[in-house]
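Engineer: Build me a structure from this.
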Amino acid sequence: MAIKIDWYPNSRDGQVHMVETWLKVFAILATALGIPAANIAALTAALAAAKDILAVVKSGERTAVSVAKCNEVFKEMEAEARYIKKHWLIAPPLTSADLASLLLAQPDTTHSPVPPPTGQPSLSITYPGGPHLLSVHLTFLSGTTPLDSRSDYGYALYKGVMPQGGATLEQAASGKHYLMKPPLDGEDLLHYKFTRRKIEVVGFAAEESGMTAYFCSRYENGKGEAGEWGPVASAVIP
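Structural biologist: Numbering: from 1, shown residues only. Have a look, this model is predicted:
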């Protein structure tokens with residue numbers, strides 16, 4: 001399935017900035033576009049709540065409860081924004097200038113093929129503190145071919161686990177596919193996950209504590225085309 005680049009910002013600050021911009025434009029265009037006052041009021045209220053909770057999360061008062069509340073409030077604001085976008089922010093009647101003022105991309109009428117990903121990702125592993133957890137950090141491997149933004153890439157993350165001294169034939173043939181020896185690259189790792197996140201927290205079974213986890217990644221686009229393998233990273237499972 002193809003992966004589409006979304007119009008809604010990823011960062012909290014970017015989302016607040018977009019909605020603030022929309023409300024300024026709506027003060028002029030809402031009547032012409034036919035956006036009901038109730039929808040604008042709902043988006044305004046959602047923005048106010050989002051800014052309030054974001055200020056708390058960014059302050060020294062940040063707690064697990066405030067973070068959870070922040071996620072909930074920002075989801076509500078996103079839902080209001082997406083509803084308005086779907087029903088009224090369409091071109092036409094919006095002009096190119098209108099779309100630009102709303103921080104929305106112009107319709108792309110030119111077909112361009114999606115190229116295979118270039119470049120290689122690099123991995124580093126940290127311990128997030130929970131039982132049997134590892135955090136995998138994915139970044140661009142410096143010195144490799146620059147990424148082509150048109151490739152709409154994500155990370156194909158592969159992992160495997162090796163018991164101390166290597167797996168037995170029985171362990172290797174099990175559903176866990178434990179490793180008998182350290183992998184050379186991702187081709188030796190069978191467990192796969194596609195992600196766009198720069199940090200993936202990976203959990204393991206309690207009985208795997210003390211074993212070694214191996215990870216390898218490569219860029220993959222929406223068509224399933226993959227780039228070259230990055231280096232293998234490993235860590236002992238806590």
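
Engineer: which residues in this structure form strands?
Structural biologist: All strands of the chain, identified by DSSP state E, fall at 121-126, 133-140, 154-162, 191-195, 199-203, 212-220, 233-236.

Engineer: And these: which comes nearest residue 174?
Structural biologist: Comparing those by their distance to residue 174 (C-beta to C-beta), the top pick is strand 154-162, with 11.0 Å. Where you see a C-beta, it was placed from the backbone N, CA and C, and this is true even at glycine.

Engineer: tell me the contacts of the closest residue in space to residue 26 that isn't next to it in sequence?
Structural biologist: Leaving aside its sequence neighbours, residue 26 sits nearest to residue 40 (C-beta to C-beta, 6 or more residues apart in numbering; 5.6 Å). For residue 40, the contact set (C-beta atoms under 8 Å, 6 or more residues apart in numbering) comprises 23, 26, 30.

Engineer: that older thread, mind putting the strands of the chain in TSV, distance to residue 72 included?
Structural biologist: Putting the strands of the chain into TSV (distance: least, C-beta to C-beta, whole Å) gives the following:
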stretch	distance to residue 72
strand 121-126	28
strand 133-140	24
strand 154-162	26
strand 191-195	23
strand 199-203	20
strand 212-220	31
strand 233-236	33
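
Engineer: Run through the neighbouring helices and strands of the lengthiest helix in the chain.
Structural biologist: Here the longest helix in the chain is taken by residue count, with DSSP state H as the criterion, and it is helix 64-88. Packing partners of helix 64-88 (3 or more C-beta pairs under 8 Å, 6 or more residues apart in numbering; DSSP states H and E): helix 12-33, helix 37-58.

Engineer: ok so, going back, can you pull the pLDDT of the residue nearest to residue 26?
Structural biologist: If you check residue 40, the pLDDT there is 93.

Engineer: Please apply the same query to residue 218.
Structural biologist: Confidence score, pLDDT, at residue 218: 93.

Engineer: again with residue 110
Structural biologist: 55.

Engineer: on that earlier part again, neighbour-wise, give me the winner out of the contacts of residue 40.
Structural biologist: When neighbours are counted as other C-beta atoms under 10 Å, the busiest of the contacts of residue 40 turns out to be residue 26, with 21 neighbours.

Engineer: That one touches residue 34, doesn't it?
Structural biologist: No. Residue 26 lies out of contact with residue 34 (C-beta atoms under 8 Å); the separation is 11.3 Å.
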